[in-house]
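# Sequence first, then the predicted structure:
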Amino acid sequence: MHEVTRPVIPDTADAAEGLTIESRTQLRLAVERFAHHRLALGGLTVFVLLLLLSTIGPVFWHYGYTAITNQFATAPSAQHPFGTDLIGHDLFAQVLAAEATSVKTAVLVAVIATVIGTTIGAVAGYYGGVADALLMRFTDLILAVPLLAILLVLANKLSKQAGSWLWIALILGFVLWANLARQVRGAFLSLREREFVEAEHAIGASDRRIIMRHMIPNAIGPIIVSATLTVALAILIEAVLSFLGLGIEPPQVSLGYLIASGQDAAATLPWLFFFPAGFLVVTILSVNFIGDGLRDALDPGSRR
Amino acid sequence: MWAYLLRRLAAGIIVLLVLSFGVFLMVALSGDPLAQLRANPQTSPATIAAAAQQLHLNQPLIERYWGWLDGLLLHGTFGTSFTGQPVGAQIAQRLSVTLKLVIPAVVLSVLLGVVVGVISAVRQYKPVDHLSTGLAYLFFSTPVFVLGLLLKDFLAVDVNKAAGHTILYTVGESTPGINGTWNVFVNEAQHAVLPVLTLTLITYATWSRFQRAAMLDVLNADYIRLARAKGLSPRRVLFVHALRNALIPVITVVAIDFAALIGGALVTEIVFSWYGMGQYLYNGLTGAESPDVYAVQGWLVVAATAVILFNILADLLYGLLDPRVRYA
């Protein structure tokens, strides 16, 4: 956000009548727009609650997610609110751990993808010419291979060595940046022709300074929105990979893994399917709502 | 336009070549297809050497890629998969299975997406718009396999129990041993309902949002106001003036997504055990003799060609439908 803080000019006459116009920063305007988006606020509330539950919950809950109880495949009860699975894990503890892992993975994916996408898009859009042509052809190539193919090859090779959340996050992060790179390049192509960039050139600012201090802040809206939606997409894709047996592996658990391992018994032990699936859908939904609200707040020109 | 088309096609061929080389390297280096054979102490070194010879594993990578490309370009063959069958015939069979799933799903999604999108736009911020927006969000926040499992393990079981016999099949694309054109058709339809429904619900959600946005853009345009001011009937304004223009952006999205589904209906295929293109890729990469380079390459050629061709088609259609677009 380009923070243009207008000084408050005290107008005695107006102030006396209570008509002072308060200056509002762009950030504050964005926050206000976001606050008016009811679905986005709802999404944020639910997401924060899920985060708190999944990080603080395990501290107080009397079963660890790897602990095996002597109750196998029991239906939800006061002792096990989400029931237990076939080998006696407490499902509530497992769902909390899985929620934490899924969100942690997805956030790291979004950070990696956003940094790569912004860097490539910025360099291509700012310098143009050969750098632009090479980087964009590479981006097109990434977009041309169906995403799943790249993921299957990488996840298959790497997850067997280490089915850990970190590996999965790295793989997804290195694949999901291409759309953002295109968007940032587009924004930079128009920004670099603007007067304030020309002015920076005229006073001898370095390329680095122009990109970091002036152009990225002006393109930050779409970047933040894309980062948020990448979190939702990453949760979804990680779940699919886990479902295919290529994602996060025990002893770590993710929501996709729990659904996949519960599906065989889904008809007779439905809680094994519904609790993790419910958490998964609600998490993705809340992140999508947040992203939508951020789009309206930060990028008011664009509408889906 | 022809020069543009030729240039796009040429660029597409180059992308295909680079992709096929990149994927060949990536897949060939990602594992050893003879790992199981080698792990077995009973296997003699001669057997392993023979297997390696047969799969061209003893040649340098570049030579193997060249052999594959040579076969494809000069002889039109896709090579032999590690299971010993010709990849070309396998792919043709798998593609027909996938198309039986994807084409009905895309047709239904287009109808549903356009109708829901238009109603949403015309009744903006009314209850029906909120409902369709909510549903669209729900569907694109639901992973395909969750929706598929829900339909398979709960809806199908309940429906079949209520009917007393199997109405909705959840495994495979048909029951073997059924005779008569009509009976075969009914049987295949019963198998197709749930996977097609799964794919449709996930796909239409995005498209209805595109249709809604495009329709809102058009409805606020000056020429619509003019058409209304001239006293044209609301029906004519909506369907002739507005909808025809609002379909343009949607058509391009549909073309591109359709191409992606040809190679990527993997999850739906796995949930309902349809042996289509997606499963072919999955087995080629994770099956017993994986990585099966030739199988994956065969999949890649079909899937990537579809993506590239439909991207070009989308751009051409855009120009055809909107004469203001110029091919640069």
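Sure, I can see it. Numbers count the residues shown, from 1 in each chain, chains lettered A, B, ... in the order given.
# From now on I want contacts and neighbour counts done on CA atoms only, so please keep to that.
Noted.
# Run through the bridge partners of the residue lying closest to A:Thr66 once chain neighbours are set aside.
Here the nearest residue to A:Thr66 in space, its sequence neighbours aside, is A:His89; by C-alpha to C-alpha, 6 or more residues apart in numbering or on different chains that works out to 6.8 Å. A:His89 has these beta-bridge partners by DSSP bridges: A:Ile68.
# could you point out where the chain is predicted with low confidence?
Using chain A. For chain A, applying pLDDT under 70 flags the ranges A:1-20, A:146, A:157-163, A:300-304.
# The intended chain is chain B.
Checking chain B against pLDDT under 70 turns up B:326-328.
# Let's check: the centremost residue of it is which one?
B:Leu261 (1.2 Å; C-alpha atoms, centre = their mean).
# Give me the longest helix you can find in the chain.
In the absence of a named chain, chain A is used. In chain A, taking DSSP state H as the definition, the longest helix is helix A:91-127.
# if you could check chain B rather than the one you did, that'd help
Determined from DSSP H, the single longest helix within chain B is helix B:181-219.
# Flag every buried residue along that helix.
Of the residues in helix B:181-219, those buried by neighbour count under the rule 16 or more other C-alpha atoms under 10 Å in any protein chain shown are B:184, B:187-216, B:218-219.
# Which ones, among those residues, also lie beside chain A?
B:Arg209, B:Phe210, B:Ala213 (C-alpha under 8 Å from any C-alpha of the partner chain).
# mind checking which helix or strand the residue nearest to the centre of chain B is in?
Per DSSP states H and E, B:Leu261 falls inside helix B:244-264.
# again, but for A:Ser190
Going by DSSP H and E, A:Ser190 is part of helix A:178-191.
# Output that helix in CSV with nothing but the alpha carbons.
Only the C-alpha atoms of helix A:178-191 are listed here, as CSV (Å, rounded to 0.1, in the frame of the first residue of the first chain):
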residue,chain,number,x,y,z
ALA,A,178,3.1,-19.0,-12.4
ASN,A,179,-0.2,-17.2,-12.4
LEU,A,180,1.0,-14.6,-9.9
ALA,A,181,4.1,-14.0,-12.0
ARG,A,182,1.9,-13.2,-15.0
GLN,A,183,-0.2,-10.9,-13.0
VAL,A,184,2.7,-9.0,-11.4
ARG,A,185,4.3,-8.6,-14.8
GLY,A,186,1.1,-7.1,-16.2
ALA,A,187,1.0,-4.6,-13.3
PHE,A,188,4.6,-3.7,-13.7
LEU,A,189,4.3,-3.1,-17.4
SER,A,190,1.8,-0.4,-16.8
LEU,A,191,3.5,1.0,-13.6
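# and A:Ala67, what is it in contact with?
Listed by C-alpha atoms under 8 Å, 6 or more residues apart in numbering or on different chains, the contact set of A:Ala67 reads A:His89, A:Asp90.
# cool, B:Pro86 as well?
Taking C-alpha under 8 Å, 6+ apart as the test, what B:Pro86 contacts is B:Phe78, B:Gly79, B:Thr80.
# What is the nearest of the ones next to chain A among the buried residues of helix B:181-219 to chain A?
Nearest to chain A, judged by C-alpha to the nearest C-alpha, of those is B:Ala213 at 5.9 Å.
# So the residue lying closest to B:Ser208 once chain neighbours are set aside, which state does it fall into?
Of all residues not flanking B:Ser208 in the chain, B:Gly113 sits nearest, at 4.0 Å (C-alpha to C-alpha, 6+ apart). Per DSSP: H, G, I helix; E, B strand; the rest coil, the local secondary structure of B:Gly113 is helix.
# Next: B:Ser174.
Criterion first, three-state DSSP; result for B:Ser174: coil.
# if I look at the nearest residue to it once chain neighbours are set aside, how far off is chain A?
Residue nearest to B:Ser174 in three dimensions, not counting chain neighbours: B:Glu188, with 5.1 Å by C-alpha to C-alpha, 6+ apart. Relative to chain A, B:Glu188 is positioned 24 Å away (C-alpha to the nearest C-alpha, to the nearest Å).
# The residue nearest the centre of chain A sits in which helix or strand?
The centroid of chain A falls nearest to A:Val231 when counting by C-alpha atoms, centre = their mean (2.0 Å). Assigned by DSSP H and E, A:Val231 belongs to helix A:220-243.
# so how far is that helix from its chain's centroid?
Centroid separation for helix A:220-243 versus its chain: 4 Å, with C-alpha atoms, centre = their mean, to the nearest Å.
# need the residues of chain B near chain A, please.
Contact residues (C-alpha under 8 Å from any C-alpha) of chain B with chain A: B:15, B:19, B:26-27, B:30-31, B:137-138, B:141-143, B:145-146, B:149, B:153-154, B:209-210, B:213, B:260, B:263-264, B:267, B:281-282, B:285-286, B:303-304, B:307-308.
# Filter those residues down to the buried ones.
Buried among the residues of chain B next to chain A by 16+ other C-alpha under 10 Å: B:15, B:19, B:26-27, B:30-31, B:137-138, B:141-143, B:145-146, B:149, B:153, B:209-210, B:213, B:260, B:263-264, B:267, B:281-282, B:285-286, B:303-304, B:307-308.
# hmm, back to that, is it correct that the residue nearest to B:Ser208 is in contact with B:Gln211?
Yes - contact criterion C-alpha atoms under 8 Å: B:Gly113 and B:Gln211 qualify, at 6.9 Å.
# For the ones next to chain A among the buried residues of helix B:181-219, give me CSV that also has distance to A:Glu198.
What follows is these, written out as CSV (distance: C-alpha to C-alpha, whole Å):
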residue, distance to A:Glu198
B:Arg209, 39
B:Phe210, 37
B:Ala213, 35
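# right, and out of those, which lies closest to A:Gln71?
Ranked by distance to A:Gln71 (C-alpha to C-alpha), those are led by B:Arg209 at 46.5 Å.
# And stretch B:314-328, what's buried?
In terms of neighbour count (16+ other C-alpha under 10 Å), stretch B:314-328 has its buried residues at B:Ala314, B:Asp315, B:Leu316, B:Leu317, B:Tyr318, B:Gly319.
# Please name the nearest non-neighbouring residue to the first one.
Using C-alpha to C-alpha, 6+ apart and skipping the chain neighbours, the partner closest in space to B:Ala314 is B:Thr252 (4.7 Å).
# isn't that neighbour right next to B:Leu320, touching?
No - between B:Thr252 and B:Leu320 there is no contact under C-alpha under 8 Å: 11.6 Å.
# now the angle from the helix holding A:Val231 to helix A:178-191?
Between helix A:220-243 and helix A:178-191, the angle comes out at 170 degrees (axes from the mean of the first three to the mean of the last three C-alpha atoms, to 10 degrees).
# Name the surrounding residues that touch the helix or strand just after helix A:220-243.
Heading C-terminal from helix A:220-243, the first helix or strand you meet, by DSSP H and E, is helix A:255-262. Helix A:255-262 is contacted by residues A:85, A:95, A:98-99, A:102, A:238-245, A:247-249, A:272-273, A:276-277, A:279-280, B:146 when judged by C-alpha under 8 Å, 6+ apart.
# Of these, grab the buried ones for ChimeraX.
To isolate the buried members of the contacts of helix A:255-262 in ChimeraX, using 16+ other C-alpha under 10 Å:
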select /A:85,95,98,99,102,238,239,240,241,242,243,244,245,247,248,249,272,273,276,277,279,280 /B:146
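# phi, psi of residue 23?
No chain in the question, so chain A it is. When read as degrees, to the nearest 10, the backbone of A:Ser23 gives phi -80, psi 140.
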